[in-house]
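J.: Generate coordinates for the sequence data below:
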Amino acid sequence: MHTLAREKPLAAVLCPQFQDLYCAACFAELDVNGETEILMCDDCSEVSYCSLKCQRQDWRSVHQFECEILRAQKANQKPMTTTMRLCIRTLLVTLRNSERTPSFNGAIIEDLETNYKEYRSSPSHNQFLGDMVTIIKSVGHS
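T.: Below you'll find the model as predicted:
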């Protein structure tokens, strides 16, 4: 078994090649040999869980809102990138913690923006902004 994360991140999304191998909530390796049941979201089929506890925890925290967006994307046949999904989760977590409660190892989202100037001048910044515009448009906001 490999360790994917030592601390719980503010928001996380598994890359498509890992969605069927690791739990979307706790990142534990799933039993692909079939000895224990792997739970998958019946509505969007985009996330898998190692237990009912993880599935319920993720549903209450963010997936109930994310799931609706993922289903809408499937209906439009526009696949979301991993970056887009991560942005959605980050936005949803941030909105749920809008009263500036600590959410990442005691930090708030504003504390995590230390490299803003360097990031803004990088080529990946334009891709990020494009993904954000696509996310906002996909949920019906112009």
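J.: quick one, phi psi at residue 40?
T.: phi -130, psi 150 (degrees, to the nearest 10).
J.: Can you show me the strands along this structure?
T.: Secondary structure of the chain (DSSP state E): strands at 39-40, 48-49.
J.: So what are the sheet partners of the first one and their directions?
T.: So that's strand 39-40. Sheet pairing of strand 39-40 (DSSP bridges) gives strand 48-49 (antiparallel).
J.: quick one on the thing from earlier: same list (the strands of the chain) but as CSV, adding mean pLDDT.
T.: Listed next are the strands of the chain as CSV, based on pLDDT from 0 to 100:
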stretch, mean pLDDT
strand 39-40, 91
strand 48-49, 93
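J.: ranking these by burial, who's on top?
T.: strand 48-49 (a mean of 23; mean count of other Cβ atoms under 10 Å). (Each C-beta comes from the backbone N, C-alpha and C, glycine too.)
J.: contact partners of that one?
T.: 19-20, 22-25, 30, 38-41, 55, 58 (Cβ atoms under 8 Å, 6 or more residues apart in numbering).
J.: Can you add distance to residue 126 and give the strands of the chain back as CSV?
T.: As requested, the strands of the chain are exported to CSV (distance: least, Cβ to Cβ, whole Å):
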stretch, distance to residue 126
strand 39-40, 34
strand 48-49, 32
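J.: By mean pLDDT, point me to the weakest helix or strand of this protein.
T.: Least confident helix or strand of the chain, by mean pLDDT, DSSP states H and E, is helix 116-120 with a mean of 63.
J.: Show me where the protein has its helices.
T.: 52-58, 64-76, 82-96, 116-120, 123-138 (DSSP state H).
J.: Send me stretch 69-78 as CSV with only the CA atoms.
T.: The C-alpha trace of stretch 69-78 is given here as CSV (Å, rounded to 0.1, in the frame of the first residue of the first chain):
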residue,chain,number,x,y,z
ILE,A,69,-22.5,19.5,-11.8
LEU,A,70,-20.8,16.2,-12.9
ARG,A,71,-24.2,14.9,-14.1
ALA,A,72,-24.9,18.1,-16.1
GLN,A,73,-21.4,17.8,-17.7
LYS,A,74,-22.1,14.2,-18.7
ALA,A,75,-25.5,15.2,-20.3
ASN,A,76,-23.7,18.0,-22.3
GLN,A,77,-21.0,15.4,-23.3
LYS,A,78,-18.3,17.9,-22.2
